[in-house]
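A.B. asks: Whatever this is, show me its structure:
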Amino acid sequence: MRRSQVLVVDDEELYRRALERILGRCGYGVTTARDATEAMAAVAAEPLDLVLCDVRMPGISGLELVRQIHDVDPDLPCIVMTGYDSVEHSVEALRAGAFWYLNKPFEGSLDVVRRLVEQAIEHRRLRAENRALHSQLRSRYRFDNVIGQSPALRGVLGLVDKVAESDSTVLITGESGTGKELIARAIHYNSRRSDRIMVSLNCGAIPEELLESELFGHMKGAFTNAVEKREGRFAAADGGTIFLDEIGDMSPNLQVKLLRVLQDRSFEPVGSSKTIRVDVRVIAATNQNLEEAIRRGAFREDLFYRLNVIPIEVPPLRRRREDIPLLVAHFLERMNVDKARKVDGISDAALARLVEHEWPGNVRELENLIERMVVLRGEGTLDLEDLPPALRGGAAPVASLAAPALGPDGVDFNAVVDHLETSLIAQALERTGGNKNRAAQLLGLNRTTLIEKIKKKGLEPTPSPAPDPTPLRGVSIP
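C.D. replies: Have a look, this model is predicted:
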C-alpha cells in the first residue's frame, strides 16, 4: 500500500529536520525543500498528499507558494506555518487557500501537528473519492450509455441534449417502468449543475401530512413528533436539481405551495415565518395524464403550465421493440456479474417471444424478468423453457373462446356480442386490480375507448387489494 507523501518547505533546517522526524515516525514519506523553487520542482516530480510550508522564506512567500501549488493541483492541501500568532495572519493564510495553519514553535503540541496532518490527508482522499464518484455518475448517465437505438428513444435523447444546459423546468411523462428517472438524471449530469447534488422524492410514496415537511423542512415543535429542526429536500438541493416523481399524486394544498417555489424559488419551512430562497432546477415526472386530471379538478392548471415548460415523453417499450435485443444483452451481462452466474446468451426463439410481448411494465419489467431467468438458469443459454408459462405459450387465440350455438330461430347478435364484450372487460379489470391502462393493453383497446365502454356498461371497478398480475403481464416476477 502506498505511503502518504508529505512535502515540508522551510528555509530553517531545524524545522525541516524536526518535521521530517515527526512525520516519518507516523509512517509518512517525507520530502523537504528550502524554498518555493525547490518546492515546485518537488510538486512536479512526484505525487504528493500534503504540503507544509513556512510563511516567510527568501524570494517567494509561503502564501504565494500555496497559490502556485493550487494552480497546478487544486486539491493538494497546504498547511501554513507561521511564527506570528495573530488572527490577521491566520485569516490571510486561509484566504490564500491553505487548509489550516500552525504556529511556531510547536514542540509542545506535536499531537496537534499529527492530527492536523491526518485531517488534511483525509480531506484530500475524500475530495479525490468524491471527484471519482461524480465522474462515474457522469459516465453512467451520458446519453450514449442509455441503451437503445430506436428512433423513438433517440428523439427523446436529442431533446434531452438540447435542454440539459438550460435551467428550464422539465416535465417528463410516460408509463411506469419506462425510465423517467434515468432521463432526469441524464439531464442533471449533463448540465452545469452536474457537480452539485440531485435530490429525488417520490411524491406518491409519502403521506400528504408528511410530504410538506419532506419538501420544505420543519422547525422544532412545528407538529407532534417534530423533536428537532429538519432541512427539507428543496433546501438540500440548493445549487443543484430536485426531481419530483409522481407529481400527479400531490394534494391540491401542496400544489399551491409548490407553485410559489416555481414562481420565485422561495418557501417557508413548516412552523416558520422565515422565507428561504433557493437556486434549484426542478424536474418533475408522472405516469398520469395531467390534462385529464385538470379537467377532473385533481390538478391545478397554473401549476401544470409552470411544470410543462419543456415536456418530454418517454416512449413505452412496445413502441421501441428494436431496442429489446440490446436491452436483453445489457441486462444479461450485468446480471451475470451481479448474481455471479454464467449465462452466455439467449436463443432466437426466446428472444423473439420477448420482442413480441407487450411489456405493460416496460423496461423495469424486462429487467426483472431477465434477472429471474439468469438466477434460475445459472449457466448456459436461455431458451423458451426458461420463460414464464404465459409468455412461453403466447396469448390465447380468439378462436378458443366459446361461442353460442346458432339455433333454428337464430340469436340476438348484438346481445351476444355485448355479453362477450362485457365479460372480457370485467375479466381484464379483475385481473389487473382495476388498472385501466393495463386492462386496455390486454384487450388491445385504446384507453379512452375502454373507459367509455366501462362507463356505458357500469363496470367501474373497485380496486383489489392484492391482485395477481402473473397471467396478465405474461411475466411472474418474484
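A.B. asks: quick one: what helix or strand has the residue nearest the centre of the chain in it?
C.D. replies: Residue closest to the mean C-alpha point of the chain, counted by Cα atoms, centre = their mean, is Arg185 at 5.3 Å. Using DSSP states H and E, Arg185 sits within helix 180-189.
A.B. asks: what's the spacing between Ile454 and Asn289?
C.D. replies: 16 Å (Cβ to Cβ, to the nearest Å). In this view, the C-beta of every residue, glycine as well, is placed from N, C-alpha and C.
A.B. asks: In terms of neighbours, single out the busier of the two.
C.D. replies: Ile454 (20 against 15; other Cβ atoms under 10 Å).
A.B. asks: Quick check: that one touching Lys436?
C.D. replies: Yes: under the criterion of Cβ atoms under 8 Å, Ile454 makes contact with Lys436 at 7.4 Å.
A.B. asks: For the closest residue to Gln68 other than its chain neighbours, the count of nearby residues, please.
C.D. replies: The shortest distance from Gln68 to any residue other than its chain neighbours is 6.3 Å, reached at Met40 (Cβ to Cβ, 6 or more residues apart in numbering). The number of residues packed near Met40 is 18, by other Cβ under 10 Å.
A.B. asks: just Met373 next, same as before
C.D. replies: In terms of burial, Met373 registers 24 neighbours under the definition other Cβ under 10 Å.
A.B. asks: again, but for the one 10 residues further on
C.D. replies: Each residue near Asp383 was counted by other Cβ under 10 Å, and the total is 17.
A.B. asks: distance of it from Leu153?
C.D. replies: 28 Å.
A.B. asks: Kindly report the same for Ile187.
C.D. replies: Separation of Ile187 from Leu153 (Cβ to Cβ) stands at 15 Å.
A.B. asks: Kindly report the same for Val363.
C.D. replies: Applying Cβ to Cβ, one obtains 10 Å for the distance of Val363 from Leu153.
A.B. asks: ditto for Asp195
C.D. replies: Here the distance between Asp195 and Leu153 works out to 27 Å (Cβ to Cβ).
A.B. asks: now do Arg447
C.D. replies: Counting by Cβ to Cβ, the gap between Arg447 and Leu153 amounts to 22 Å.
A.B. asks: got it, and Leu443?
C.D. replies: Distance of Leu443 to Leu153, given as Cβ to Cβ: 27 Å.
A.B. asks: Near the closest residue to Phe304 other than its chain neighbours, how many residues? Count them for me, please.
C.D. replies: Nearest residue to Phe304 in three dimensions, chain neighbours excluded: Leu290, at 5.3 Å (Cβ to Cβ, 6+ apart). Burial of Leu290, expressed as a neighbour count using other Cβ under 10 Å, amounts to 22.
A.B. asks: Show the contacting residues for Leu290.
C.D. replies: For Leu290, the contacting residues are 171, 173, 248, 299, 304, 308, taking Cβ atoms under 8 Å, 6 or more residues apart in numbering as the criterion.
A.B. asks: List the contacts of the second one.
C.D. replies: So that's Thr173. Neighbour list for Thr173: 180, 285-287, 290, 311-314 [criterion: Cβ under 8 Å, 6+ apart].
A.B. asks: make it 10 Å
C.D. replies: Going by Cβ atoms under 10 Å, 6 or more residues apart in numbering, Thr173 touches 180, 247-248, 284-290, 308, 311-314.
A.B. asks: Low-confidence stretches in the chain?
C.D. replies: With pLDDT under 70 as the threshold, the chain has low-confidence stretches at 1, 84-89, 106-109, 131-145, 393-409, 411, 460-478.
A.B. asks: ok, Arg438 to Asn368 distance?
C.D. replies: On the measure of Cβ to Cβ, Arg438 and Asn368 end up 16 Å apart.
A.B. asks: quick one: which of those two has more around it?
C.D. replies: Here Arg438 and Asn368 are set side by side on neighbour count (other Cβ under 10 Å), and the busier one is Arg438, at 24 against 17.
A.B. asks: on that earlier part again, quick check, nearest of the contacts of Leu290 to Glu92?
C.D. replies: In terms of Cβ to Cβ, no member of the contacts of Leu290 lies closer to Glu92 than Leu171, at 49.5 Å.
A.B. asks: In this structure that closest one contacts Phe299, no?
C.D. replies: No: Leu171 sits out of contact with Phe299 when judged by Cβ atoms under 10 Å, with a separation of 11.7 Å.
A.B. asks: Name the residues contacting each of those two.
C.D. replies: In terms of Cβ under 10 Å, 6+ apart, Leu171 and Phe299 are both contacted by the residues 247, 286, 290, 307.
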